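Engineer: Structure for the following, please:
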Amino acid sequence: MKMIYSKNVDLKCRNSEHDINIKMVCLNEFCSDFRLFCMKCVQNKYHHAHLESWIDMPQLYEQLENQGKDCEIFLEDISKLLESSIQQFQKLKDGIQLKYLINKERLERMDLQQLNTIVIEMIKFQEYKQQASQIITKCLNSMQNELIKLNVKLNIDELNYCKQNQNNKKQPEQNGNKGNKLNQNEMLQASIRMLNQSQVLNPGNLAAFSMKAQTLKQLGQFNEAITWANKALEIDANHINTLYCKAKCLYMVDKYEEAVECIDKVLKIDPNHINALRCKGESLSQLNQYQNAMILFNKALQIDALDVNTLYSKAQCLYLLTEYNEAILQTDKVLTIDPNHMNSFCCKVKSLCMLDMYQEAIQWADKALSKDPNHLIILTCKAQSLFILDRYQDAIIHANLVLDADPNNLSTLDCKAQCLLQLSNYEEAIVVSDQILTINPNHLNSLRYKTKCLYELNQFNNAISLADKVIQIQPNDENSIITKANSLKQLGNFKEAIIWYDKALTINSQNLIILQAKISCLFKLDRFQETIKLADQALAQDPNNLEILLFKAESLRFLGLYKDAIQWADKILKIDPKHEKSISCKTNSLRLLSQYQDAQVSLEKVDQKQLNKLCQKINNLLQEGQYEGAITLIEKALSQECNNVQILECKLQCLFKQKQYEKAIVLSNKLLEIESNNIRCMQYLADSLRLLGKYEESVNEANKILSINENYLNALQCKALCLNLLGQQKEALALANQALSIDPNHVDTISCKANILQHMGKYSEALNLLEKILDMHPQNLDALKCKSHCLYMLSKFKDAITSTNEVLDAEPKNVNSLQILVQSLFKLGLYNDAIISADKYLEICPNHIDILLCKAHSLRLLGKFNDALVFVDKVLSIDSNNINAMQCKAQTLYMLDQNTDSIIWAEKVLAIDPNHIHTLHCKADNLRLLGNYKDAIIWADKVLAIDSKFVNALYCKADSLRSLSQYTEALILADKALTIDSRHVNTLGTKGDILRIFKNYDLALKMFDQALSINPNSYFSISQKGVCLQEQKKYQEAIICFDKALKIQPNGGWANCRKKQCEDALRKQRQTFNQF
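Structural biologist: This is a model prediction of the structure:
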């Protein structure tokens, strides 16, 4: 190889003041200065001590060229030496083979004496083998070690690094500046490699051991660093850098006491070792010895008052000592030196929070976050500060930033839950609380939040269960006791509620809210004497509490103490002259005293204008959909005029809109007692019955309406919907058409007709009607839901998904739409998406069999067989005879090569449905894979008796016949399968193997190639192609096939054996050729 050096390379002098090119080179062996220099360097007497060792640049190029030639000769010489050794080794192998590999043919040609000699040598073989193995191993190990040492002397890593730099300089035009520098981690790893080479050269190299320990520490591999530090300390127990390195690593792996012991050794050698003083202080701080730690930090700061790390460590220690102002002073010192020191920012923000200086904490948090927007601790502190300042929405935003990075951060989840609770977002607060409880099931705050939310959502029984859990952990938890008592009160369990209010009062006997709640329960139980007694106790705290005054007045009235009742009612009316319930109490008391004129005067004090205003407010709230607020005003209005039909109708509307259908039915019946032909009330009754699934009763009520007004649209629609659900679609359709003849554009009636058509299986007609609705009202959810179902039934899965997603945007937990979405995604083969949607469904209905099975099938088709089995087993735990689950389990076990277990589950399916064709095939193929070919044929025939063109069964039978050496019959079946599916890979492979057995190699190879063009990873086809080529003595091509087969199945012993056969045959061929 000719080496060419440029004679025109212009290199500027290293000295920046010398603006001329390099001219001279120093070759003195003992010189340690930079060897390339210019003429100005010569004038400055650079390298003047050894003028005889100078050469100019052209001479350098000439010497480098000569060196290249010499190197080539050297490489050729060592290659010849190695080749000579290889020849000797081959000669040894050939000799061993000639002496000890005795085949049958050689034996047959030997006489008695020769055979005797073979027996003697056979006895000596083991001894020779052991001796030869030891010698060869020893020689090779020795040679390998020496080569390693020579490689180390070459500094290969450094050379490679230089080459990499040289290559990188050529790449900027193509790749920008990528790869010009190793990152820090790569440089440290490179250092480790160099240090490993140093250890090879000198196993007792202290510097190498110490440097390796420090490098490992920088890489964060602390335990390994300690190991190497110990090796260094075995050589020099007082090596100060290694001692400190070990101490720091012990600190990083939480071994603080050992770290302190190690640091003490450092400080004996160097009492002013600032890093050691700081590390010891940090270790003592971790051991809660804060005062001792402070002594060490102060000592370190006497040595270097501006050491940032020590200042921060002192600040952190002061924070742990609750000396927050002092901690802030220390962090300020750090931040004047290093304005970007995030740990100090963090310590300062936390200290400000502990001092209740939340505005200042937020300001400093913002400064820190402008430098590092993702600092989790500072984001957490800011979120908590915002919460305390009642800025709940902002607090949630910052909490979410933390949770994006750390979803299981308990303190942040706790903060978010509290914010949601304060914002009355009870459902979301429950979700967050549940997230905390999955991490820590006994997290008290989360249990409290969830209890409160359940109470506010009127889920009183659930609230009681959760309150009990809190009380079990903390028996005197006042909030949970009160919530439980309130829940019992809301459920009408007044006696039990009183017991729990009493428990709350043992904790805080002066709690007016608890006293008032207990008074209410006593009053509800007609325990009027006790009500009065407790009311007096409460009124001693708050004499003007109107509600408690009223309870006392009413209790006196019910006890027949009418004059006293009037006195207490008057006390209320002094405070609030328009207090309706007090006026009512006084009026009733006066009547019972037969003071009718006074009673009438009292009743006239009720302001009729106020009642009208209430009605107006109620109607406004109803229009805005604020039903809770409307109910409150309705109750207030009814306390003045309990049988006001207009107000009762408003209440009925609220109950219906809030889906309180049972209560709506009760109120409807009450209204109908007042006005028997109130058609609006009758309609609410019919609709409430329908929505409770009482379809026949609903039809009866609808008929009553239609007897009054035969064209009343809502009644026609209601009856049509009920008849549809009762399976009377023709009658339902007639009613829907009657309604549409009255109002062709009535949206609800069009939707009703579409639903009926859907139930009748007329999906296209239903879609036409639904499109008409959606043209007018694109967001009509009922129409979108019906449309999704129709599209799914018409196999328009993509359109079904689009429509379903529109529903789910408005109602994320709509189970029917989620089910359609899951099944549509599955039908389209979007198995990962199907699984995601299935999980959403299962969060709502964890035991829905169809969705569990859909998820199981999706996992199976994605090759996640073990995961699929988990969900199949869940289905079977719900319904042990679910045939689809059993069949799925049989197929999944088949894919896991658990053929015996697969057969067991297939038989369970067939016990229920003997003609389940896929299960029959599953069993047949399992039997084939277990080598039970005759049984496999029997079961494959059962499949073919049901469906003679079932390709997989034809293949199963053909392959079983092939394995039984019934090749002609097998070939007939294979051809039959391929006439049905010409691309059936397994059948192509089987036919190819049969043709190989018939020695029809060309056609066999054609079959194998066709199979591999469809599936390049077909192990059977690639390996049998190799056998086909082997039998044709095309060993090199066969080896290529076996190599491919081994890539597919690396542990394929058969393919490996075949490959060795081909290699041996190929070797023999070459030897024979060489002899000629």
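Engineer: gap between Q330 and N298?
Structural biologist: Distance of Q330 to N298, given as CB to CB, to the nearest Å: 11 Å. C-beta: built from backbone N, CA, C; applies to glycine.
Engineer: what sits in contact with each of those two?
Structural biologist: Shared between the contact lists of Q330 and N298 (criterion: CB atoms under 8 Å, 6 or more residues apart in numbering) are residues K314.
Engineer: Go through stretch 817-828 and flag the buried ones.
Structural biologist: Using 16 or more other CB atoms under 10 Å as the test for burial, stretch 817-828 gives S817, L818, Q819, I820, L821, V822, Q823, S824, L825, F826, K827.
Engineer: Near K1068, how many residues? Count them for me, please.
Structural biologist: Look at K1068: counted by other CB atoms under 10 Å, it has 11 neighbours.
Engineer: Q330 and N298 - which one has more neighbours?
Structural biologist: Ranked by neighbour count (other CB under 10 Å), Q330 and N298 place Q330 first, with 26 against 13.
Engineer: What score does the more buried one have for pLDDT?
Structural biologist: pLDDT for Q330: 91.
Engineer: again, but for I548
Structural biologist: pLDDT at I548 comes out at 92.
Engineer: what do you get for the one 5 residues further on?
Structural biologist: The predicted local distance difference test score for A553 is 92.
Engineer: From the buried residues of stretch 817-828, pick the one nearest N28.
Structural biologist: Using CB to CB, L825 comes nearest to N28 of the buried residues of stretch 817-828, at 78.5 Å.
Engineer: quick one: contacts for the residue nearest to that closest one when sequence neighbours are not counted?
Structural biologist: Counting by CB to CB, 6 or more residues apart in numbering, L825 lies nearest to A834, which is 3.9 Å off, once chain neighbours are set aside. Taking CB under 8 Å, 6+ apart, we find A834 in contact with V822, Q823, L825, F826, C854, K855, S858.
Engineer: Give me the subset of those residues that lies in helices.
Structural biologist: V822, Q823, L825, F826, C854, K855, S858 (DSSP state H).
Engineer: pretty sure the first one is in contact with L852, am I right?
Structural biologist: Same thing as V822. No - if you go by CB atoms under 8 Å, V822 and L852 don't touch, sitting 10.5 Å apart.
Engineer: tell me the SS of the residue nearest the centre of the chain?
Structural biologist: In the chain, the centroid-proximal residue (CA atoms, centre = their mean) is P407; its distance is 9.7 Å. Following DSSP: H, G, I helix; E, B strand; the rest coil, P407 is assigned to coil.
Engineer: Roughly how far does the residue lying closest to it once chain neighbours are set aside sit from L401?
Structural biologist: Spatial nearest neighbour of P407, excluding adjacent residues (CB to CB, 6+ apart): Q435 at 7.8 Å. Counting by CB to CB, the separation of Q435 from L401 is 16 Å.
Engineer: Could you pull out the strands in this protein for me?
Structural biologist: 24-26, 36-37, 54-56 (DSSP state E).
Engineer: Turn those strands into CSV, columns for mean pLDDT, distance to L267 and mean neighbour count.
Structural biologist: CSV is the format used below for the strands of the chain (pLDDT from 0 to 100; distance: least, CB to CB, whole Å; neighbours: other CB atoms under 10 Å):
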stretch, mean pLDDT, distance to L267, mean neighbour count
strand 24-26, 87, 47, 18
strand 36-37, 87, 48, 18
strand 54-56, 80, 53, 14
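Engineer: For P373, find the nearest of these.
Structural biologist: Between the strands of the chain, strand 36-37 lies closest to P373; by CB to CB that is 49.1 Å.
Engineer: Work out the sheet partners of that closest one and label each with its direction, please.
Structural biologist: strand 24-26 (antiparallel) (DSSP bridges).
Engineer: Sketch out the low-pLDDT regions of the stretch 851-1000 of the chain for me.
Structural biologist: Along the stretch 851-1000 of the chain, no part satisfies pLDDT under 70.
Engineer: Make CSV from the strands of the chain and add distance to D526 to it.
Structural biologist: Converted to CSV, the strands of the chain look like this (distance: least, CB to CB, whole Å):
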stretch, distance to D526
strand 24-26, 116
strand 36-37, 111
strand 54-56, 121
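Engineer: Which one of the ones you listed lies nearest to D536?
Structural biologist: Nearest of these (CB to CB): strand 36-37, 106.9 Å.
Engineer: Measure how far that closest one is from the centre of its chain, please.
Structural biologist: The chain centroid and the centroid of strand 36-37 are separated by 62 Å, computed with CA atoms, centre = their mean, to the nearest Å.
Engineer: How about residues contacting it?
Structural biologist: L11, C13, R14, I22, K23, M24, V25, C26, Y46, H47.
Engineer: Out of the residues you listed, flag the one nearest to N1056.
Structural biologist: L11 (57.2 Å).
Engineer: which ones are touching the residue nearest to that closest one when sequence neighbours are not counted?
Structural biologist: Once flanking residues are discounted, L11 sits nearest to I22: 4.6 Å by CB to CB, 6+ apart. Residues in contact with I22, defined by CB under 8 Å, 6+ apart, are L11, K12, C13, L36, F37, C38, M57.
Engineer: Drop anything exposed from those residues.
Structural biologist: C13, F37, C38, M57.
Engineer: May I have the beta-bridge partners of the second one?
Structural biologist: In this structure, F37 has beta-bridge partners M24, where bridges are defined by DSSP bridges.
Engineer: TSV for the buried ones among the contacts of I22, including distance to I514?
Structural biologist: Shown next, in TSV, are these (distance: CB to CB, whole Å):
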residue	distance to I514
C13	92
F37	95
C38	96
M57	100
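Engineer: between these, which is nearest H375?
Structural biologist: Lowest distance from H375 to these (CB to CB) belongs to C13, with 48.5 Å.
Engineer: Which phi and psi values does the closest one adopt?
Structural biologist: phi -60, psi 150 (degrees, to the nearest 10).
Engineer: For it, which non-adjacent residue is closest in space?
Structural biologist: C13's closest residue in space is C38 (CB to CB, 6+ apart), at 4.0 Å.
Engineer: Run a quick neighbour tally on the closest residue in space to Q1049 that isn't next to it in sequence.
Structural biologist: Excluding the flanking residues, the one nearest Q1049 by CB to CB, 6+ apart is Y1019, at 5.5 Å. Residues near Y1019, counting by other CB under 10 Å, number 17.
Engineer: Looks like Y1019 contacts G1052 (just checking).
Structural biologist: Yes - at 7.4 Å, Y1019 counts as touching G1052 under the criterion of CB under 8 Å.
Engineer: any shared contact partners between the two?
Structural biologist: By CB under 8 Å, 6+ apart, the residues touching both Y1019 and G1052 are A1045.
Engineer: surely the residue nearest to P407 meets D414?
Structural biologist: No - between Q435 and D414 there is no contact under CB under 8 Å: 10.4 Å.
Engineer: Neighbour count: those two, which is higher?
Structural biologist: Taking other CB under 10 Å, Q435 and D414 do not tie; D414 has more neighbours (20 against 17).
Engineer: related to what we said a few turns ago, ok, of the contacts of strand 36-37, which one's closest to L1046?
Structural biologist: L11 (53.6 Å).
Engineer: can you pull the contacts of the closest one?
Structural biologist: Counted by CB under 8 Å, 6+ apart, L11 has contacts N21, I22, L36.
Engineer: can you give me the helices in the stretch 451-600 of the chain?
Structural biologist: 460-473, 478-490, 494-507, 512-524, 528-541, 546-558, 562-575, 580-592, 596-603 (DSSP state H, counting those that start in this stretch).
Engineer: The stretch 601-750 of the chain now?
Structural biologist: For the stretch 601-750 of the chain, helices defined by DSSP H, counting those that start in this stretch occupy the ranges 608-623, 627-640, 645-657, 661-674, 679-691, 695-708, 713-725, 729-742, 747-759.
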